[in-house]
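>>> Below are the sequence and a predicted model for it; my questions follow.
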Amino acid sequence: MSLRPCPSCGNNVSKQAEFCPNCGHTFVSKEKSNGITFWGIVGAVVVAILIISFC
């Protein structure tokens, strides 16, 4: 298990943790913040249906 220091309190926290159990600092994962969201997929489907219906 890999550990990283919490930038707020310095407590060693697992790299898999989403927040520090000591102070509650949240760790934002770049993997989770990038990518297609649910509403992005819904919007793409709606646009595709509109395009197909007008052809």
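Great, that's in hand.

>>> Next, count neighbours for C6.
For C6, the number of neighbouring residues by other Cβ atoms under 10 Å comes to 19. (Each C-beta comes from the backbone N, C-alpha and C, glycine too.)

>>> isn't it right up against H25?
Yes: judged on Cβ atoms under 8 Å, C6 makes contact with H25 at a distance of 5.3 Å.

>>> quick one, helices of this protein?
Secondary structure of the chain by DSSP state H: the helices cover 30-33, 38-54.

>>> State the number of residues packed around the closest residue to F27 other than its chain neighbours.
Counting by Cβ to Cβ, 6 or more residues apart in numbering, the nearest residue to F27 once its immediate chain neighbours are dropped is E18, at 6.0 Å. A count of nearby residues for E18, using other Cβ under 10 Å, gives 11.

>>> By average pLDDT, which secondary structure element in the protein comes out worst?
Using mean pLDDT, DSSP states H and E, the weakest-scoring helix or strand in the chain turns out to be helix 30-33, at a mean of 52.

>>> re earlier: between the helices of the chain, which one is closest to V13.
helix 30-33 (16.8 Å; Cβ to Cβ).

>>> For S29, report the pLDDT, please.
Predicted confidence (pLDDT) for S29: 60.

>>> repeat for F54
F54 carries a pLDDT value of 86.

>>> Isn't the residue nearest to F27 up against T26?
Yes: using Cβ under 8 Å, E18 is in contact with T26, at 6.5 Å.

>>> do you know how far I52 is from V46?
Plainly put, I52 is 11 Å away from V46 if you go by Cβ to Cβ, to the nearest Å.

>>> Ok, L3 next?
45 Å.

>>> again with V13
From V13 over to V46 the distance is 41 Å, taken as Cβ to Cβ.
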